[in-house]
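[1] Mind folding the following:
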Amino acid sequence: MSDDVRTPAQIEAEIARRRQDLADTLDELAVRVHPSTIARDAKAKAVSAVDRTAGKAYTAVNGAVSRVAAPFVGEDGSLRLERVVPAVVAGVALVAAVGGLSSWRRRR
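    Predicted structure coming up:
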C-alpha cells in the first residue's frame, strides 16, 4: 500500500476529527457573538477608557495643583507665609466683592 492511499477507517477518523474541529469552532463563535459576551467586552472596553481618562485627568490636575502650590511652599515643604497671607486676603476680598455684587443685584 502506498502512503497516499487511506483506508476507510482512516477516512472515517479524519471525518470525525474534522466534525469535532468544526463543532469546537461553532461553539467558540457562538460564545463570541452571544449578547452577554458582547456586553461584557463592551463594558471592559468602556471601563478601560474611563480608567485611562481618569488617569490622565488626575495627572493633569495634580500637575496644575503642583504648579499653583509651588510659589506658596518652600523647598522643605513649609508654607511661605509671606506669599500665603496676601493670597488668602485677596481671595477673601474677591469672595466678599462677588457676594456684595450678588446682593446688590438682588436689591435692584
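
[2] From here on, just use CA atoms for contacts and neighbour counts.
    Will do.

[3] buried ones in the worst-scoring helix or strand of the chain on mean pLDDT?
    Using mean pLDDT, DSSP states H and E, the weakest-scoring helix or strand in the chain turns out to be helix 81-107, at a mean of 83. By neighbour count with 16 or more other CA atoms under 10 Å, helix 81-107 contains no buried residues.

[4] Please apply the same query to stretch 42-59.
    Within stretch 42-59, no residue is scored as buried using 16+ other CA under 10 Å.

[5] Now do the same contact list for residue 37.
    By CA atoms under 8 Å, 6 or more residues apart in numbering, residue 37 lies in contact with residue 31.

[6] ok so, going back, what helices or strands is the least confident helix or strand of the chain leaning on?
    Counting contacts by 3 or more CA pairs under 8 Å, 6 or more residues apart in numbering; DSSP states H and E, helix 81-107 is packed against no other helix or strand.

[7] hey, where'd the strands end up in the chain?
    Secondary structure of the chain by DSSP state E: no strands are present.

[8] Pick out the residue closest to the middle of it.
    Closest residue to the average C-alpha location of the chain: residue 51 at 1.9 Å, with CA atoms, centre = their mean.

[9] From residue 58, how far off is it?
    According to CA to CA, to the nearest Å, residue 51 stands 10 Å off from residue 58.

[10] Report pLDDT for residue 67.
    On pLDDT, residue 67 comes in at 91.

[11] And for the one 10 residues further on?
    With respect to pLDDT, residue 77 has a value of 84.

[12] Distance of it relative to residue 70?
    Taking CA to CA, one finds residue 77 at 10 Å from residue 70.

[13] of these two, who's got more company?
    residue 70 (14 against 9; other CA atoms under 10 Å).

[14] Could you check how far residue 13 is from residue 22?
    For residue 13, the distance to residue 22 - CA to CA - is 14 Å.

[15] Same check on residue 11?
    According to CA to CA, residue 11 and residue 22 sit 16 Å apart.

[16] Next: residue 67.
    For residue 67 relative to residue 22 (CA to CA), the value is 61 Å.

[17] now do residue 85
    77 Å.
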